[in-house]
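Engineer: Just the structure for this:
(chains A, B, C and D)
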2 protein chains.
Amino acid sequence: MRNRVTLADVAKIAGVNPGTVSRSLNPQTENQVNKETVRKIRKIAKELGYTPNTVARGLRTRKSLTIGVVIPDLTNPIFPPLVRGVDSYLLPRGYSALIVNSDGNVDTELVLINSLMERQVDGLIIATGHGGDEMLKDFHNRGVYAVMVNRESPGVPYPTVTGDDGAGISAAIEHLVALGHKNYIHLAGPSDSSTSKIRAHTFSIECKRLGLNGKIIKTTAYSIEAGQTAMDKFLDHKPAPFTAIVAGNDLLALGAYHSLRTHGLNCPADVSVIGFNNMPFANDFQ
Amino acid sequence: MRNRVTLADVAKIAGVNPGTVSRSLNPQTENQVNKETVRKIRKIAKELGYTPNTVARGLRTRKSLTIGVVIPDLTNPIFPPLVRGVDSYLLPRGYSALIVNSDGNVDTELVLINSLMERQVDGLIIATGHGGDEMLKDFHNRGVYAVMVNRESPGVPYPTVTGDDGAGISAAIEHLVALGHKNYIHLAGPSDSSTSKIRAHTFSIECKRLGLNGKIIKTTAYSIEAGQTAMDKFLDHKPAPFTAIVAGNDLLALGAYHSLRTHGLNCPADVSVIGFNNMPFANDFQ
DNA sequence: TCGGATTATGCAATCGATTGCAGAATAGTC
DNA sequence: GACTATTCTGCAATCGATTGCATAATCCGA
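Structural biologist: Predicted coordinates for the structure are as follows:
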């Protein structure tokens, strides 16, 4: 891309050994070098516009200062804030995030993670957990560092950070019960994700516990389209009456809105809809 | 992270020189090697689970197969689709995107781009253009490859990909004129971005041309909050009556919604609001 | 003033892959 | 059968920074 200034360039002009330049520029090792020399080298490095080559450094130190972040789909509004959070933590610590989208496809995910590892990432943050993840177990055995986020992956021994899905669904139902609803629909997310399972499971349990009439509708993805399609199909079959929808996430809730509208149902007059995640702009939707 | 298999490991087991392994595994150079040898080496490499070290390769070949993508703010819904587009183009070509958020801060941006260059990115995609960008001119002189996207940066000699902002604003006004509106507000984005300037400029021109009454309100950012704040301040001063708002983008339009509502104004009964960008979910908002 | 401790710097190997060059081995030609 | 052309593979330098080891220079105390 351009003729970059290297340690050797600085060394030559300063009349010292590249090793000395390296030690002078690194705060950890600068005390091994004469203060005056450090000052001189720093000055020359600055004048020449020297910037370290992170790639070369990484090769020698076996650290890339890069973390791979595996996201199912960046256009799902809950993920950008997560990515930004990761990024803003890493940046001041000298790290960068390498973000990839798996599209919820397991094969793609494998390709992506392999490409991340070829790029020598120091660790992974994985937001695409799904059931019985052999691939992740394998990585774990090979000593790959990783943290799961948002979704868990049962049987995978990585640390995991998730919300309390069960408590969320309970709270949603509790709220709807207070409003007097008796007949419920749960628009459940794709069944291979832990979040879907927990939410659907809690929904069943709570309906039983509270003596409510609850029905689960499965969707194929956490997206508006999937929610709308599933709901359309359901409504087309003239189902038993219901007045409340607990959607598996906010996008499914939005899909439900669309479907209700096209079926002449009004929200909240006819049906109450509650989402999940409180994604950005969630309260601006209709 | 783990004991990776290197070219040398494969070479030792195959009983050949690492150079031969390198040539065997690279489709470009495999014809320099005996077919039988290639087959054997390929087999061994596969058995050992060899994966190339992209970092080491990049050092030697002076290519990182990485493109830096500079975004103002990933949580602005227009950017994730852009990032995904970039990513899905790069992936099958062996490249990765290194995505950073500048937060619209010029100093941050400089730090970020420098960090991208230290990571030896092969080129940049920059979505943060702002007026008179000395930094970018400097990069251009130093031979840095880049493409501007979404916003342009006047005076910067990089190729640029943008929408036709002027035509968009004209179309918006045309539509509102057809609805019979006479008195317009333009909620303009921050004045250091080219998109804001062009949109505001076109708004003025068109109002003049069509004999409309048009007023421009400036905001400090392309965000809901900035739009709401600016609109609140405007409405608090009991302005001359108006019936149409042309917002600088969809987030500002959303902010306008909020503000109108808190001021007892109804959309579309009292005021029509039109956004810009057609960001994801734009037609689901209220 | 001498010897040991300390400081400062150079040397060279290393990380893992690529590649120009050279030479060995084989094939092909007359 | 001798000689050139071709094919294949090894050697070693290289990319840029880091770092263990060695050595030269300086310092300090007795």
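
Engineer: At which residues are the helices of chain A located?
Structural biologist: Secondary structure of chain A (DSSP state H): helices at A:7-14, A:18-25, A:35-48, A:54-61, A:79-90, A:106-118, A:134-141, A:165-178, A:194-210, A:224-236, A:250-262.

Engineer: give me the low-pLDDT residue ranges for the stretch 101-250 of chain A?
Structural biologist: A:132 (pLDDT under 70).

Engineer: Repeat the analysis, applying 90 as the threshold.
Structural biologist: Applying pLDDT under 90 to the stretch 101-250 of chain A picks out residues A:103-106, A:128-139, A:141-143, A:151-157, A:191-194, A:238-239.

Engineer: what distance separates stretch A:133-152 from the centre of its chain?
Structural biologist: Put simply, stretch A:133-152 sits 14 Å off its chain's centre (C-alpha atoms, centre = their mean, to the nearest Å).

Engineer: That stretch: end-to-end distance?
Structural biologist: 10 Å (C-alpha to C-alpha, to the nearest Å).

Engineer: Quick one: neighbours of A:P72, just the number.
Structural biologist: 23 (other C-beta atoms under 10 Å in any protein chain shown). C-beta coordinates here come from the backbone N, C-alpha and C atoms, glycine included.

Engineer: now A:S102, nearest residue through space, not along the chain?
Structural biologist: Leaving out its chain neighbours, the residue that sits closest to A:S102 by C-beta to C-beta, 6 or more residues apart in numbering or on different chains is A:E109, at 4.0 Å.

Engineer: Same list, the helices of chain A, but as JSON lines with mean neighbour count please.
Structural biologist: Shown next, in JSON lines, are the helices of chain A (neighbours: other C-beta atoms under 10 Å in any protein chain shown):
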{"stretch": "helix A:7-14", "mean neighbour count": "18"}
{"stretch": "helix A:18-25", "mean neighbour count": "20"}
{"stretch": "helix A:35-48", "mean neighbour count": "15"}
{"stretch": "helix A:54-61", "mean neighbour count": "17"}
{"stretch": "helix A:79-90", "mean neighbour count": "18"}
{"stretch": "helix A:106-118", "mean neighbour count": "17"}
{"stretch": "helix A:134-141", "mean neighbour count": "15"}
{"stretch": "helix A:165-178", "mean neighbour count": "17"}
{"stretch": "helix A:194-210", "mean neighbour count": "18"}
{"stretch": "helix A:224-236", "mean neighbour count": "19"}
{"stretch": "helix A:250-262", "mean neighbour count": "23"}
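
Engineer: out of those helices, nearest to B:N277?
Structural biologist: helix A:79-90 (15.7 Å; C-beta to C-beta).

Engineer: re earlier: out of the helices of chain A, nearest to B:K233?
Structural biologist: helix A:79-90 (27.6 Å).

Engineer: right, quick check: the closest one against chain B, any contact?
Structural biologist: Yes: under the criterion of C-beta under 8 Å from any C-beta of the partner chain, chain B is reached by helix A:79-90 at A:F79, A:P80, A:P81, A:V83, A:R84, A:D87, A:S88.

Engineer: okay, that helix in CSV with CA atoms only?
Structural biologist: Only the C-alpha atoms of helix A:79-90 are listed here, as CSV (Å, rounded to 0.1, in the frame of the first residue of the first chain):
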residue,chain,number,x,y,z
PHE,A,79,-26.6,-7.2,17.7
PRO,A,80,-25.1,-3.8,16.8
PRO,A,81,-25.2,-2.6,20.4
LEU,A,82,-23.5,-5.8,21.5
VAL,A,83,-20.8,-5.3,18.8
ARG,A,84,-20.3,-1.7,19.9
GLY,A,85,-19.9,-2.8,23.5
VAL,A,86,-17.3,-5.3,22.6
ASP,A,87,-15.5,-2.8,20.4
SER,A,88,-15.4,-0.1,22.9
TYR,A,89,-14.0,-2.4,25.5
LEU,A,90,-11.3,-3.7,23.2
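
Engineer: And it, what does it pack against?
Structural biologist: strand A:66-71, strand A:96-101, helix B:79-90, strand B:96-101 (3 or more C-beta pairs under 8 Å, 6 or more residues apart in numbering or on different chains; DSSP states H and E).

Engineer: Which residues outside the first one are in contact with it?
Structural biologist: Put plainly, it is strand A:66-71. Identification of contacts with strand A:66-71 by C-beta atoms under 8 Å, 6 or more residues apart in numbering or on different chains yields A:79, A:82-83, A:86, A:90, A:95-102, A:109, A:112-113, A:116-117, A:119-128, B:119.

Engineer: between the helices of chain A, which one is nearest to B:T51?
Structural biologist: helix A:106-118 (5.2 Å).

Engineer: Just want the angle from the closest one to helix B:54-61.
Structural biologist: Angle of helix A:106-118 versus helix B:54-61, following axes from the mean of the first three to the mean of the last three C-alpha atoms, to 10 degrees, is 60 degrees.

Engineer: how close does A:I125 get to chain B?
Structural biologist: 14 Å (C-beta to the nearest C-beta, to the nearest Å).

Engineer: cool, A:P241 as well?
Structural biologist: A:P241 sits 26 Å away from chain B, going by C-beta to the nearest C-beta.

Engineer: same deal with A:N183?
Structural biologist: From A:N183 over to chain B (counting by C-beta to the nearest C-beta), the distance is 26 Å.

Engineer: so what's A:T160 bridging to?
Structural biologist: When assigned by DSSP bridges, A:T160 has beta-bridge partners A:M148.

Engineer: ok and the residue in the stretch 151-286 of chain A nearest DNA strand C?
Structural biologist: Residue of the stretch 151-286 of chain A nearest DNA strand C, by C-beta to the nearest atom of the strand: A:Y158 (24.1 Å).

Engineer: A:L65 against A:D122, yeah?
Structural biologist: Yes: counting by C-beta atoms under 8 Å, A:L65 does reach A:D122; the two are 6.8 Å apart.

Engineer: Now do the contacts for A:A45.
Structural biologist: Here A:A45 is in contact with A:V5, A:V10, A:V21, A:L25 (criterion: C-beta under 8 Å, 6+ apart).
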